[in-house]
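Chemist: Sequence and computational prediction follow.
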Amino acid sequence: MSYAIQYDFFESNDEQSLLKQEIALLKKEITNTRRGLFSRHTEMMKLIIKQQEEIDKLKNMVTSKKEVINFTIHKKG
């Protein structure tokens, strides 16, 4: 037994098909936007972590210099 299958080579242009195409396009755009936001968020978090490390390093440098200055002052006095 054989069945005849007719494939649609062209998409229909009725209102329902056009709406389905538009929804598919919107879903793709939303997915791309979401991926872009997550990518930007990841890059921003890397920058924040780097800045926090630099702040901590500077705090340590200032604290260690302050201790040296205090030690020097107390030593002379």
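Modeler: Thanks, I have it.

Chemist: Low-confidence stretches in the chain?
Modeler: In the predicted model, the chain carries pLDDT under 70 at residues 1-11, 66-77.

Chemist: Tell me where it has helices.
Modeler: Along the chain, the segments classed as helices by DSSP state H run 15-76.

Chemist: ok, now which ones touch residue 26?
Modeler: Not one residue lies near residue 26 by CB atoms under 8 Å, 6 or more residues apart in numbering. No exception for glycine: its C-beta is placed from N, CA and C like everyone else's.

Chemist: Let's see stretch 37-56 as PDB, backbone CA atoms only.
Modeler: Taking C-alpha atoms only, stretch 37-56 is exported to PDB below (Å, rounded to 0.1, in the frame of the first residue of the first chain):
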ATOM      1  CA  LEU A  37      22.000  40.400  28.600                       C
ATOM      2  CA  PHE A  38      23.500  37.400  30.300                       C
ATOM      3  CA  SER A  39      26.800  37.900  28.400                       C
ATOM      4  CA  ARG A  40      26.900  41.600  29.400                       C
ATOM      5  CA  HIS A  41      26.100  40.700  33.000                       C
ATOM      6  CA  THR A  42      28.900  38.200  33.100                       C
ATOM      7  CA  GLU A  43      31.400  40.700  31.800                       C
ATOM      8  CA  MET A  44      30.200  43.300  34.300                       C
ATOM      9  CA  MET A  45      30.600  40.900  37.200                       C
ATOM     10  CA  LYS A  46      34.200  40.100  36.000                       C
ATOM     11  CA  LEU A  47      34.900  43.900  36.100                       C
ATOM     12  CA  ILE A  48      33.300  44.300  39.500                       C
ATOM     13  CA  ILE A  49      35.400  41.400  40.900                       C
ATOM     14  CA  LYS A  50      38.600  42.900  39.400                       C
ATOM     15  CA  GLN A  51      37.800  46.300  40.900                       C
ATOM     16  CA  GLN A  52      37.100  44.800  44.300                       C
ATOM     17  CA  GLU A  53      40.400  43.000  44.200                       C
ATOM     18  CA  GLU A  54      42.200  46.300  43.300                       C
ATOM     19  CA  ILE A  55      40.400  48.100  46.100                       C
ATOM     20  CA  ASP A  56      41.400  45.400  48.600                       C
END
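
Chemist: Understood, closing this out.
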